[in-house]
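> Sharing a model that was predicted from the sequence below.
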Amino acid sequence: KNQVEQSPQSLIILERKNCTLQCNYTVSPFSNLRWYKQDTGRGPVSLTIMTFSENTKSNGRYTATLDADTKQSSLHITASQLSDSASYICVVSENAGNMLTFGGGTRLMVKP
Amino acid sequence: DGGITQSPKYLFRKEGQNVTLSCEQNLNHDAMYWYRQDPGQGLRLIYYSQIVNDFQKGDIAEGYSVSREKKESFPLTVTSAQKNPTAFYLCASSRRGWDEQFFGPGTRLTVL
């Protein structure tokens, strides 16, 4: 069964600190991996999408990495801001356009 | 403004009543999806439609129904057969089936 596991489930950090969120998956064959940011009570918004051949991709202060061999991805947030407080969801797609598998998310709280 | 909209944002219903959640998109996307989100859990697929007048059951379709009479619209009916309907419901669309999905703002349904 395809699974996507995220850790930690929740995280509290101080403003301007860095943090790293983890995503491990068992989806096979792999097509791509996406990170979404979801503010409380809102729909998820895409941060990055990574294909098999990509090891790292940045979007402003967000940097995602992918190790397709170990089936792991991470999302690194640099110099966190209060507005980074949200849930971050890892989503993995099977090859040939099959369904998506969603992780349970990491709930991040950035405190002043 | 291009986008995907859901209404209402909050919805209350009594047990035993059916209720319909609206989802509209003006992105000219072929595919549309309905997900359910419960606290601490990943999004779960209820129904999806890759083309007008066609839709498929997702992982948790029991107690729900949909229609896709127009490309822009994909309403979800939560029937009285759904045993635990209180949840946050998210609608999404993509250009083609299983491309990057764009999410609406969500509807929070509470059964009293």
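Thanks, I have the structure now.
> What degree of burial does residue 108 show, as a neighbour count?
No chain specified, so I'll use chain A. Counted with other Cβ atoms under 10 Å in any protein chain shown, the neighbours of A:Leu108 add up to 21. (C-beta placed from N, C-alpha, C; glycine too.)
> Not quite, go with chain B.
Using other Cβ under 10 Å, B:Arg108 has 15 other residues around it.
> Relative to B:Ser7, how far out is it?
Separation of B:Arg108 from B:Ser7 (Cβ to Cβ, to the nearest Å): 12 Å.
> quick one: the worst-scoring helix or strand of chain A on mean pLDDT near chain B?
One helix or strand of chain A scores below all others by mean pLDDT, DSSP states H and E: strand A:100-102, with a mean of 89. Yes: interface with chain B: strand A:100-102 contributes A:Leu100, A:Thr101, A:Phe102 (Cβ under 8 Å from any Cβ of the partner chain).
> is stretch B:17-30 up against chain A anywhere?
No: under the criterion of Cβ under 8 Å from any Cβ, chain A is not reached by stretch B:17-30; the shortest gap measures 10.8 Å.
> Among the residues of strand A:100-102 next to chain B, which one sits closest to A:Tyr88?
Lowest distance from A:Tyr88 to these (Cβ to Cβ) belongs to A:Phe102, with 11.8 Å.
> residue contacts, the closest one?
A:Val4, A:Ile89, A:Cys90, A:Val91, B:Gly42, B:Leu43, B:Arg44 (Cβ atoms under 8 Å, 6 or more residues apart in numbering or on different chains).
> and the second one, what does it touch?
To tie it back to what came earlier, the one meant is A:Ile89. Contacts for A:Ile89 (Cβ under 8 Å, 6+ apart) come out as A:Gln6, A:Trp35, A:Tyr36, A:Lys37, A:Gln38, A:Pro44, A:Phe102, A:Gly103, A:Gly105, B:Gly42, B:Leu43.
> where's the third one relative to chain B, distance?
Okay, so that is A:Tyr36. Distance of A:Tyr36 to chain B, given as Cβ to the nearest Cβ, to the nearest Å: 8 Å.
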